[in-house]
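*Asks:* okay, predicted coordinates and the sequence, questions at the end:
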Amino acid sequence: MDVADLVPAGSVAMTRWLREPLLHFAVLAAALLAVERRLAPEARRIVVPAEVVRGLRQDHLRRTGMPPTPAEEAGLVERWVDDEVLVREALALGLDRGDVIVRRRLVQKMEILAEGPDAPAPSDAVLAEYLARHAERYATPARVSLTQVWAGPGVDAAAARALRARLAAGTDPAAVGAPFVAGRSFARRSEQELADVFGADFAAAAMGLPVGEWAGPVRSSYGFHLVLVRERQPGYPPVLDEVRAAVTRDWQEEERAARVRAARAALRARYAVAVEDDGESGQVAAR
Amino acid sequence: MPLGRATLVLLAVLAAPASAATVDRRLDAYALLATESLRARALRVERGDVAVDAGALLASELDAPGSQVVARAVRLRGASRCAAVIGDAVAGTGPSCPLAARAAGAVLPDVADACGYPAPFPACDRARPVTVAAGALRALAPGVYGAITVRGGRRAGVLALTGGRYVFCGLRVLRGARVLARAPVEVDVAGEALLDRGAVVGPAEDVALEAGDVRLFAGGARLRVAPRAQLRARLCAPHAALTADGATLAGVVVARRMRLVRALATAPYLEPHAACAQHDRLRNVYFGDLHVHTALSFDAYAFDVRTRTTPEQAYRFARGEPVALPPLDANGAGTQIVRLARPLDFTAVTDHSEFLGEVETCVTPGSPTYASASCQSYRAGSNAAATQLGVRLALTPPSRDPAICGADGHVCLQAAGAVWQRVQEAAEQAYDRSAACAFTTFIAYEYTGTQAVSTLHRNVIFRTDRVPAPTTFFEQPTPQGLWAELRSTCIAGLDGCDVLAIPHNSNESNGKMFLVEYPGASDVDQQRTAAELRAAMEPVVEIYQHKGDSECMNGLSGVIGAPDELCDFEKRRRPPVPDCGGGTGAGGTITAGCVSRLDFVRGALLAGLSEAARLGVNPYRLGIVASTDTHNGTPGKTDEATWVGHRGTDDDTPAFRLGPGQFYPGGILFSPGGLAGVWAEENSRPAIFDALRRREVFGTSGPRIAVRFFGGFGLSAGLCKAPDLVARAYARGVPMGGALPPRGRAAAPTFVVSALRDPEGAPLQHVQIIKGWIENGAAHEQVFEVAGDAANGASVDAPTCTPRGPGADALCGTWTDRAFRADQPAFYYARVLENPTCRWSTYQCNALAPADRPPSCSDPSVPKTIQERAWTSPIWYQPAAWR
């Protein structure tokens, strides 16, 4: 886990900056001046809403286990008012704009609003349509069962062919070849699963071998193998009943994303957008 | 005639087999499985099916309401209850025990094979009988013995099996006597076995074991269990006749013929799952990641992983689907699309159990403390947020933030319950319960013990879907407390629950992770019990991950041996570091404080040998795995060439990764982490979990190197040429994770290592065996070359990452320990090395324009290359006589 770097490495530069008194003063003065010009008189009236006072009281109770005394409550309200003043001044200064964290937070809040609660379970017809659109994602892959004998490290194709002849003549596959510690027989493996063991080329070749006869040599990441495909199950397109849970889950996720997209588009429609030319971009247009 | 038609339809419905009734092809689904015949009167079956593989089942007053009864011929009498009968010739079924389907051949293709019956059956030694007197307690080390008798009576004897493989000529447990396993055991009884009245054979009650940890193989013709006797074990006796009268049989019981009167049978809990198409008694290799964080972890959330990676997405990523990671765009969506080229076989999402509720509370509008200042600052994100919560772990004692959790913590505990439910649902959804057995998940979490800012973390992995609420460092601030709670809430307290814990990042523990101490134990007996609990709960250790290597470090005090240059691998801290000596330090989590030999697996293994000599129990019999510790929900993302970090916004750009580190010192010293390799019969929860339990597992630094490691006194030096190497090695030796059998006449043990390169990875360079041993009380280690060529001249051109030189697709070697001494405890593990390849930092420095490269790109102390590797679990040798 990543806990407790008690002094985050990045904070040093910021601390130094904050200790520059001259810079401090200049920034504050400029800000106050700007606010003076922008903030309308009615925006300078602060009413502390009753629910805020109640929230402060409850928060204090949760934190300390006791309700605040009148003096403490007055202090809490004072601090809230102080914060509120800063928030308003900051908004008036436009400090919320151009701040990636604030922007991201607002976007997330809007998206959560747009998502709304989970859609109710869709009908089979809807799911079937979704399934048809994403058939490959849920399809059952072709599978083969095979027994293989590894000719061994450095053994050439001719020697491997000789080994195939012995196997075809009935030699016990457990008694010939080199030990292949990943296993000799594999049951109902997909191409991907075979590739994980033998490499992609072997897997692709094995899927196409005839059933019931020793074939090869087939080259893997390790050299030549003789392969007896015992059984082949063709892949088949998905059947709703077999994949219903996954399809429902994915459909709901897509629905959620669609609702967010729709909400974005609906809001976007209320805006006229123009992109200014910064002189360097080739593609500029007013939309 | 409408009425007649309705009646016909009704009859047809009654006669039609229920479509759900199919024969379970998994041995573990059976409480009782006879190969030839089963006769029972007043048999009660609490859980599990009952079957005769090829023959008849005759029962009267069968009381098995949840069981399927399967046999060619089934005859029921009296009032019998069962869930369904599946058979060809069936009589006596009724509504309380209905016929559901026709039987289709044998239940299992080869019952003896399925239950692991040894072939050939091992020979016992008649010259070494053991008799435990009435009232006596005798501890028995593994080995080959004669007839065993445990005397009973008013003061019955107790035979304690200390763990490992035992061969007996016969077994007689007389009135009220007990044979108790104190660690997992395999007991081969060549002759007859008797459990007299009130006798018990099974796991000891004060250790964390299940009936399945006692595997009893009976080679004789008869086995008798008398009234009130209890057999709590997996019994595999496919050639024996079993009679039981008024007895309890808890476990999977296999015999040829069974005659049961008033017996109570119950199988261990088994989740529903189709029998896997790929099931191999000689075991296949499966690769996975057992250390994965998602946005449910407090630090991952703060690192902005919250964009996408839920546990569901982490599991989908493991199966090959893409995920979008930070850096975020202006809309808060991830901009780096990553995916695994090859899916994993298994994964456990292990979010920090601490703060599950805090994060949920703080990010759920309307929660009781959503508006608190603490939650507001947590939601502001970034490193300060991770620190704000993480620092609660460093308090003494650790405590939750009352501003978030309420004074008594209930706000967070309640919220954590709902999150834990989601963790379980995600594991359930992603677990492939079909016969394809393509992917296994585990319900899991990380216990984040952080004493004095030293890392004492464990990943807690559950075997089934029956799990208790997570244990946290707040409620249990010591590892001993964690084990005790897991034992009481899971193993002893919740039917069907089983669990293990995997310690990790011992490299950051300042000597504490494997410190030899037994808090609260006042004498040797209590120390032994504490060591047993530890050994049972922690069978494996994570040797390598994102925060570096924990195998070994040169230059630390307390071990005798030449420097091992391959220990200089992915070290989180660089020498010189202060040596803890025999003591401990503080601050390891943030790479401060001293470093101890006990911070490394090799040091812990050596300490375990010494403790085993002193106590008879090895508390550090640690198998080896590796994992990633990704905080991006990207299990298995270990590829050096395409790694994009593991900590969200904290390392999501090359500049952050190659720099000195932001939240956490390290930067360029971090790693993509590794994988856990497992040798299992199939890809399912019980098979993978049991492989971890028996330590037949290995770790890799990322590539999928498949390595087998066996040892034994009778192994042939020509094994590498034997096409049936694996079968012969199992028959005559033990696999990785095991203990060498008794010495016999051979002078020295022989080991065989056989490794296949990753089919998509670099060639192999060489294979080594590392031996550790205790000689005159001192710890020694030595490295031996076993196969391949360490000086093959292979290299990699760092500016282009082009490999040069020869290498091997596969390496196999045998090695006999000529310096073996029967009185010296020892361990042996194998290390397989790839040819050198570029380290991740080299790829990323190369990709930057020279002017943009940070100073670390030209820091000579940062390696340009890496030798990827695999570490097998050890094989142990313990001199037999200890008490």
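*Replies:* Great, that's in hand. The model shown is predicted, which means the values in this text are computed figures rather than measured ones.

*Asks:* wait, doesn't residue B:846 sit right on residue B:797?
*Replies:* No - with contact defined as C-beta atoms under 8 Å, residue B:846 does not count as touching residue B:797 (10.6 Å). Any C-beta I mention is one placed from the backbone N, CA and C, and that applies to glycine too.

*Asks:* so those two - more neighbours on which side?
*Replies:* Legend: neighbour count by other C-beta atoms under 10 Å in any protein chain shown for residue B:846 and residue B:797, higher for residue B:846 (16 against 12).

*Asks:* name the element that one belongs to?
*Replies:* Assigned by DSSP states H and E, residue B:846 falls within helix B:840-847.

*Asks:* in that helix, what's buried?
*Replies:* Neighbour counts over helix B:840-847 (16 or more other C-beta atoms under 10 Å in any protein chain shown) mark B:840-846 as buried.

*Asks:* list the contacts of it.
*Replies:* Residues outside helix B:840-847 that contact it (C-beta atoms under 8 Å, 6 or more residues apart in numbering or on different chains): B:640-641, B:643, B:654, B:657-658, B:668, B:671-672, B:798-801, B:838, B:853, B:856-857, B:862, B:864-865.

*Asks:* out of the residues you listed, which are buried?
*Replies:* Among the contacts of helix B:840-847, those classed as buried by 16+ other C-beta under 10 Å are B:640, B:643, B:654, B:657-658, B:668, B:671-672, B:798, B:801, B:838, B:853, B:856-857, B:862, B:864-865.

*Asks:* quick one: which of these sit in strands?
*Replies:* Members of those lying in strands (criterion: DSSP state E): B:838, B:865.

*Asks:* okay, and which of the buried ones among the contacts of helix B:840-847 map to helices?
*Replies:* Under the assignment DSSP state H, these contribute B:654, B:657-658 to helices.

*Asks:* A helix includes residue B:437, no?
*Replies:* No - Residue B:437 is assigned coil when assessed by DSSP: H, G, I helix; E, B strand; the rest coil, not a helix.

*Asks:* shouldn't it be in contact with residue B:280?
*Replies:* No - in terms of C-beta under 8 Å, residue B:437 does not count as a neighbour of residue B:280; the distance is 11.7 Å.

*Asks:* what's the overlap in contacts for those two?
*Replies:* In contact with both residue B:437 and residue B:280: residue B:682, using C-beta under 8 Å, 6+ apart.

*Asks:* residue contacts, the residue nearest to the spatial centre of chain B?
*Replies:* With distances taken as C-alpha atoms, centre = their mean, the residue of chain B nearest its centroid is residue B:692 (2.4 Å). Residue B:692 sits next to B:461, B:500, B:502, B:539-540, B:623, B:625, B:678 when contact means C-beta under 8 Å, 6+ apart.

*Asks:* secondary structure element holding it?
*Replies:* helix B:685-693.

*Asks:* packing partners for the helix or strand just after that helix?
*Replies:* Next helix or strand after helix B:685-693 toward the C-terminus (DSSP H and E): strand B:697-700. Counting contacts by 3 or more C-beta pairs under 8 Å, 6 or more residues apart in numbering or on different chains; DSSP states H and E, strand B:697-700 is packed against strand B:623-625, strand B:675-680, strand B:869-872.

*Asks:* in its sheet, what does strand B:697-700 sit against?
*Replies:* Using DSSP bridges, strand B:697-700 pairs in its sheet with strand B:675-680 (antiparallel), strand B:869-872 (antiparallel).

*Asks:* just checking, residue B:653 touches residue B:325?
*Replies:* No - taking contacts as C-beta under 8 Å, residue B:653 lies outside contact range of residue B:325: 11.1 Å.

*Asks:* mind checking pLDDT for whatever residue of the stretch 201-350 of chain B ends up closest to chain A?
*Replies:* Proximity of the stretch 201-350 of chain B to chain A (C-beta to the nearest C-beta) peaks at residue B:277, 3.7 Å away. pLDDT for residue B:277: 92.

*Asks:* report the contact partners of it.
*Replies:* Contacts for residue B:277 (C-beta under 8 Å, 6+ apart) come out as A:143, A:145, A:187-188, B:435-437.

*Asks:* do the same with residue B:216
*Replies:* By C-beta under 8 Å, 6+ apart, the residues touching residue B:216 are B:187, B:189, B:193, B:201, B:231, B:233-237.
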